[in-house]
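# The amino acid sequence is not available; the structure is as follows:
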């Protein structure tokens, strides 16, 4: 028993489980910590790789420079697609651990890469890592808290990941400015991946008992097994509301691919120093990460649709303003408001999927959603890179801004209501649909 207390990952399953953030706060906090490491692995690259492509490998094509994002997005999207259905055969904890095994060589490859192809290969491994680990932290938190405060739980999850991303992106930018583009910035990645693997093996419990309890409480057609084919059709075209959520996720990451790969090059073309570029690159996910704590909770109270629509429109407007001005103070404001717009939609879209499907099918449906969402990285990197090569940065960025606003308009007509918390006079929480 004492061994189990010291190392929960090796403890026997609990005899009694409850679906509650309060009762399960220790494991919930551990999973939040793990997602700090997940976000940190992406942050390690965020400020440095676009400049590394030009400075050390002599790559001048914008499409080629952002190819690492497209590769990362493809690997992550495909991994997401199959990670959900894989949970029918392998425990969430084992999938989480395997994700950190894939991450371990990434910083070493980036340090020693003799050509850009090695960097591309490292991003395949990073994409697999992100698909496995982030998917499992999302699902495991949903398992622990149950349906009542799903948005709040996902707000914590996404906030941890993107606050860490922002912090590490800023740190690597500062380190690169002081010591060079490599190897020093990537030393952080070695520590992150090793610590996260140890946390996952030694401290994290599997959440299968909690999922079983939710399935028992919410009667579902258990005779119909979870189906990747059915979930793929439902989220891609068959159910308009799920399609509306999915297309918003795809466009969201499409514009994030631009923020990751094109904005640093655009800011550099305007004469900004690397430390100022790192500040802009970090402000966006910093605001995004911080505010998700509030926006995930707000979506539980106010409904998913208002946050999704307003968030997509705000992102599009801020992307457009970024390309229209050449001013560091203006860019600080636009990056901050882009972070706000992203915070409104990111945990909300995940929670909306969780609302719409039975618990037994949630992991598979989230896998399909995250497949399409992270395919946005590929579309954003390649589309914006090609447009930047042909017409310049401004045209590429404005085109993505229009797509983002259009996605918000599509959401108005497709996304339906959600369960929202309503407290009656006795203090009991109920549910109602919000348009």
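Good, I have the coordinates. Everything numeric here is computed off the predicted structure, so don't read it as measured data.

# Only C-alpha atoms from now on, for both contacts and neighbour counts.
Fine.

# and the gap between residue 238 and residue 415?
With distances taken as CA to CA, to the nearest Å, residue 238 is found 13 Å from residue 415.

# If you count surrounding residues, which of the two has more?
Under the criterion of other CA atoms under 10 Å, the comparison of residue 238 against residue 415 puts residue 415 first, with 24 against 13.

# Surely that one and residue 244 touch.
Yes: assessed by CA atoms under 8 Å, residue 415 is found in contact with residue 244 at 5.2 Å.

# Could you give the average pLDDT over stretch 255-269?
The average pLDDT within stretch 255-269 is 90.

# before we move on, what about stretch 144-158?
pLDDT averaged over stretch 144-158 gives 88.

# and it, how far from the chain's centre?
15 Å (CA atoms, centre = their mean, to the nearest Å).

# hmm, who's touching that stretch?
Applying CA atoms under 8 Å, 6 or more residues apart in numbering, the contact partners of stretch 144-158 are 18-21, 24, 28, 31-32, 35, 137-138, 141-142, 207, 210-211, 214, 289, 292-300, 346-348, 350-351, 354-355, 421.

# Can you flag the buried ones in those?
With neighbours counted by 16 or more other CA atoms under 10 Å, those contain buried members at 19-21, 28, 31-32, 35, 137-138, 141-142, 207, 210-211, 214, 289, 292-300, 346-348, 350-351, 354-355, 421.

# Might you list the low-confidence residue ranges for the protein?
For the chain, the stretches flagged by pLDDT under 70 are 1-15, 218-226, 417-435.

# Quick one: the strands in it, in order.
418-423, 429-434 (DSSP state E).

# Narrow the buried ones among the contacts of stretch 144-158 to those in helices?
If you go by DSSP state H, the buried ones among the contacts of stretch 144-158 have 28, 31-32, 35, 137-138, 141-142, 210-211, 214, 289, 292-300, 346-348, 350-351, 354-355 in helices.

# and residue 269, how many residues sit next to it?
Residue 269 has 10 neighbours, counted by other CA under 10 Å.

# How much space separates residue 79 from residue 257?
For residue 79 relative to residue 257 (CA to CA), the value is 18 Å.

# again with residue 170
From residue 170 to residue 257 the distance is 18 Å (CA to CA).

# Ignoring the adjacent residues along the chain, who's closest to residue 253?
residue 376 (4.7 Å; CA to CA, 6 or more residues apart in numbering).

# I'd guessed that neighbour sits against residue 258; true?
No: shown here, residue 376 and residue 258 do not form a contact pair, counting by CA under 8 Å, at 9.9 Å.

# and residue 233, how many neighbours does it have?
For residue 233, the neighbour count with other CA under 10 Å is 14.

# That one and residue 253, how far apart?
Separation of residue 233 from residue 253 (CA to CA) stands at 21 Å.

# can you check residue 291 too?
In this structure, residue 291 and residue 253 are 18 Å apart, going by CA to CA.

# Quick check on these two: which one has the bigger neighbour count.
More neighbours surround residue 253 than the other of residue 291 and residue 253, with 26 against 22 (other CA under 10 Å).

# Could you check how far that one is from residue 42?
Here residue 253 is placed at a distance of 14 Å from residue 42 (CA to CA).

# Please list all residues in contact with residue 109.
118-119, 122.

# Likewise for residue 32?
Applying CA under 8 Å, 6+ apart, the residues near residue 32 are 137, 156-157, 160.

# now swap in residue 252 and tell me
Residue 252 neighbours (CA under 8 Å, 6+ apart): 312, 342, 373, 376, 404.

# which of residue 79 and residue 257 has more neighbours?
Neighbour tally, residue 79 and residue 257, criterion other CA under 10 Å: the higher count belongs to residue 257, 28 against 23.

# unless I'm mixing things up, the more buried one is touching residue 380, no?
Yes: in terms of CA under 8 Å, residue 257 counts as a neighbour of residue 380; the distance is 5.1 Å.

# Endpoint to endpoint, stretch 350-363 covers what distance?
Span of stretch 350-363 from end to end, CA to CA: 11 Å.

# for stretch 196-213, same thing?
28 Å.

# Please point out which parts of that stretch sit buried.
Neighbour-count burial for stretch 196-213 flags 196-197, 199-211, 213 (criterion: 16+ other CA under 10 Å).

# Quickly name whichever of the residues you listed is closest to residue 396.
Residue 396 has its nearest neighbour among these in residue 196, at 37.1 Å by CA to CA.

# Now do residue 55 against residue 280, distance only.
20 Å.

# more neighbours, these two?
residue 280 (28 against 12).

# show me the contacts for that one.
With contacts defined as CA under 8 Å, 6+ apart, residue 280 is in contact with 331-332, 335.

# quick one, what contacts the nearest residue to residue 349 once chain neighbours are set aside?
Nearest residue to residue 349, sequence neighbours excluded (CA to CA, 6+ apart): residue 245, at 6.2 Å. Going by CA under 8 Å, 6+ apart, residue 245 touches 349, 352-353, 411, 415.

# Over to residue 331?
Contacts of residue 331 by CA under 8 Å, 6+ apart are 280, 322, 325.

# Check residue 314 too.
By CA under 8 Å, 6+ apart, the contact set of residue 314 is 337-338, 341, 405.

# hmm, try it at 10 Å
For residue 314, the contact set (CA atoms under 10 Å, 6 or more residues apart in numbering) comprises 334, 337-342, 344, 401, 404-405, 408.

# again with residue 378
Counting by CA under 10 Å, 6+ apart, residue 378 makes contact with 66-75, 77, 250, 253-254, 257, 384.

# ok, now residue 374?
Neighbour list for residue 374: 70, 72-78, 80, 127, 131, 249-254, 256-257, 368, 380 [criterion: CA under 10 Å, 6+ apart].

# With residue 104 instead?
125-126, 129, 189-194, 196-197.

# ok, now residue 84?
Residue 84 makes contacts with 92, 95, 131-132, 135-136, 139, 226, 228, 361-368, 370, as judged by CA under 10 Å, 6+ apart.
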